[in-house]
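Engineer: Need the 3D shape of this:
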Amino acid sequence: MIYVDADACPVRAEAERVALRHGLKMFVVSNGGIRPSREPLVENVIVTEGPDVADMWIAERAGAGDVVVTSDIPLAARAVEAGALVVKPDGEQLTARNVGQALAARDLMTDLRAADPFRQGGGRPFSKRDRSRFLDALERAVRAAAQG
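Structural biologist: Predicted coordinates for the structure are as follows:
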């Protein structure tokens, strides 16, 4: 199965194409406001509003043999711990080897923003290259998950 943390996810359509090509069930999890897919293998899950409710829904279900698409690092850490493969929308794969470092960097940036509320800027804009890297990484993850 593929679980997509769909709030602000720029690659839902790409994930759906990969899921359909492989005949996989895909859950698109959000707080709402996302157009549902007409594909029977793609299920929209609308969770109640609240911080991290979609993340908790995914984390409670994802495990070995599943793929999670998210940019949320704490969710990625929980999914990796449960044995799922994690792909960020920019194509970066988070694994047991690098998710701890990603979590530490996230926490550091949170602390820096809290210390300087005028700190501006985020990451770079999402690009066509990111989309292409995502498709390649998701394809590899789906194949690896199928192999166990």
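Engineer: Which strands and helices lie in contact with the longest helix along the chain?
Structural biologist: Secondary structure of the chain per DSSP state H: the longest helix is helix 128-147. Judged by 3 or more C-beta pairs under 8 Å, 6 or more residues apart in numbering; DSSP states H and E, helix 128-147 is in contact with helix 12-22, strand 67-69, strand 85-87, strand 93-94. Where you see a C-beta, it was placed from the backbone N, CA and C, and this is true even at glycine.
Engineer: one more time with 10 Å
Structural biologist: Secondary-structure packing of helix 128-147 (3 or more C-beta pairs under 10 Å, 6 or more residues apart in numbering; DSSP states H and E): strand 2-5, helix 12-22, strand 67-69, strand 85-87, strand 93-94.
Engineer: The last one: how far from the chain's middle?
Structural biologist: When you say that, I think you mean strand 93-94. Relative to its chain's centre, strand 93-94 lies at 10 Å (C-alpha atoms, centre = their mean, to the nearest Å).
Engineer: State the mean pLDDT of it.
Structural biologist: Average pLDDT, strand 93-94: 91.
Engineer: Repeat that for stretch 73-89.
Structural biologist: Averaging pLDDT along stretch 73-89 gives 94.
Engineer: Quickly note the distance from residue 30 to residue 23.
Structural biologist: 23 Å (C-beta to C-beta, to the nearest Å).
Engineer: More neighbours: these two, which one.
Structural biologist: A count of neighbours by other C-beta atoms under 10 Å puts residue 30 above the other of residue 30 and residue 23, at 20 against 7.
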